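Novice: Here is a sequence with its predicted model. Questions after.
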Amino acid sequence: MNERDIIEILSCRNSEGRPDLLRGIGDDCAVIAGNGGQSWLVTMDTLVEDVHFDLRWHPPDKLGRKAIAVNVSDIAAMGGRPAFIFLSLGLPRQFDSAWLDRFAEGISGACREYGCVLAGGDTVRSREGVLLTVTVIGQMPADQVVYRSGALPGDEIWVSGTLGRAAAGLELCAGGGSQGDEGMKSLVEAHLDPQPRVVLGRLLAEHNVAHAMMDLSDGLATDLSHLCGQSGVGADVYAASLPSLPALHDAADLLKKNPLDLMIKGGEDYELIFTAAAAAGSRIAGIARQAGVILSRVGTIVHRQGVRLIVPAAGESEQKEVDISFAGFDHFPQE
Ligand SMILES: [Mg+2]
């Protein structure tokens with residue numbers, strides 16, 4: 001049973017609606033009708049020690065920042081502004097109060113940065129390891145919410161920043177790999193301290209440019225498959241257009257990994273992926289400048305179902321088309 005099967009069972013046994021629940025399970029956030037033309041966005045994510053983070057290399061302040069950032073990213077994915085944070089913290093019997101101080105510093109720094117406040121939560125003792133569950137409530141004008149379900153055949157697919165950095169950074173940490181070089185350090189930072197694209201998400205929603213949007217948490221292959229599934233469309237992705245840093249290729253060499261695999265399957269980039277009409281290219285370039293973010297056009301939405309990667313001809317080999325639907329990270333992989 002994979003993650004999608006588990007969500008399917010939970011959602012079909014709990015399918016009762018309410019008129020003020022505008023969107024339930026299946027998008028980056030639940031969307032709840034508010035007053036004065038505003039909607040509330042609600043999202044929750046859990047980080048588990050030794051599954052999602054390793055205290056041997058994750059400094060406590062950066063772990064605090066990351067717990068907030070990965071949730072704020074889901075608010076950004078719909079175009080919203082984060083407002084309230086709730087934190088449930090499970091700590092083992094033995095923990096260090098200096099560690100907790102620095103962790104709390106990370107939480108408060110991230111809250112300041114993203115303009116939100118810690119409004120409540122819970123603390124419990126865990127039998128083993130640190131558990132972090134964060135809920136973020138965000139807000140935005142109801143008529144600007146960008147769902148995963150709006151992609152149309154003919155739309156162009158865009159991604160922010162560069163891909164595969166966090167996955168490479170995690171592998172470097174795990175392998176105790178070369179962290180001295182600036183490029184490699186930036187990969188490690190992408191894993192330890194991701195930066196959600198709140199300003200970009202807000203601008204895309206406000207200017208009504210994105211037809212569909214989500215954040216990249218489980219890798220482009222899986223996340224784009226979710227977006228396509230919700231929109232009832234498919235996608236062609238051009239391998240040659242995927243944005244990467246030179247350091248990613250250095251790291252892939254060092255780690256003996258295929259850089260393309262890191263870019264399409266690697267999780268936790270927390271970049272935004274969105275689709276827009278082909279005619280919106282110059283408006284998107286303007287928004288990229290305003291947000292100070294690089295945006296790359298990486299593919300096209302098509303009628304046919306599934307996500308296909310198009311790898312250009314190299315040397316003797318011909319152009320290849322590979323089905324990469326749901327090829328990214330699965331929290332419950334089939335044995
Ligand atoms: Mg998401």
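Specialist: Received the coordinates, thanks. Only a predicted model underlies this, so the values are computations on that prediction, with no experimental measurement involved.

Novice: host element of the closest residue to the ion within the stretch 51-200 of the chain?
Specialist: Relative to the ion, the nearest point of the stretch 51-200 of the chain is Asp74 (4.5 Å; Cβ to the ion). All C-beta spots, glycine's among them, are computed from the backbone N, C-alpha and C. Applying DSSP states H and E as the criterion places Asp74 in helix 60-76.

Novice: and the residue nearest to Gly175 when sequence neighbours are not counted, what is it in contact with?
Specialist: Excluding its sequence neighbours, the residue lying closest to Gly175 (Cβ to Cβ, 6 or more residues apart in numbering) is Leu255, at 6.6 Å. By Cβ atoms under 8 Å, 6 or more residues apart in numbering, the residues touching Leu255 are Ala168, Glu171, Leu172, Gly175, Gly177.

Novice: re the thing from before, point out the other helices and strands that the helix holding Asp74 packs with.
Specialist: On a contact count with 3 or more Cβ pairs under 8 Å, 6 or more residues apart in numbering; DSSP states H and E, helix 60-76 meets strand 38-48, strand 81-91, helix 97-114, strand 131-141, helix 198-206, strand 212-215.

Novice: now the angle between helix 97-114 and the second one, please.
Specialist: Right, the one you point to is strand 81-91. In terms of direction (axes from the mean of the first three to the mean of the last three Cα atoms, to 10 degrees), strand 81-91 departs from helix 97-114 by 170 degrees.

Novice: Contacts only, for Thr46.
Specialist: His52, Leu131, Leu132, Thr133, Val134.

Novice: Type out the ChimeraX command that picks the buried ones from those residues.
Specialist: Buried residues within those, by 16 or more other Cβ atoms under 10 Å, are selected in ChimeraX with:
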select :52,131,132,133,134
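
Novice: Give the buried residues for stretch 171-184.
Specialist: Here stretch 171-184 shows Glu171, Leu172, Cys173, Gly177, Met184 as buried, counting by 16+ other Cβ under 10 Å.

Novice: then stretch 306-325 to CSV, C-alphas only?
Specialist: Below are the C-alpha coordinates for stretch 306-325, written out as CSV (Å, rounded to 0.1, in the frame of the first residue of the first chain):
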residue,chain,number,x,y,z
GLY,A,306,0.7,10.6,-17.6
VAL,A,307,3.9,12.5,-17.2
ARG,A,308,6.5,11.9,-20.0
LEU,A,309,10.1,13.0,-19.9
ILE,A,310,11.6,13.8,-23.3
VAL,A,311,15.4,13.2,-23.3
PRO,A,312,17.2,14.7,-26.3
ALA,A,313,19.3,12.6,-28.7
ALA,A,314,22.9,12.3,-27.6
GLY,A,315,25.7,10.8,-29.7
GLU,A,316,24.4,7.6,-31.3
SER,A,317,21.2,7.4,-29.2
GLU,A,318,17.9,8.8,-30.4
GLN,A,319,15.5,11.1,-28.5
LYS,A,320,13.9,9.1,-25.7
GLU,A,321,10.5,9.4,-24.2
VAL,A,322,10.2,8.0,-20.7
ASP,A,323,7.0,7.7,-18.5
ILE,A,324,8.0,9.2,-15.2
SER,A,325,4.5,9.3,-13.6
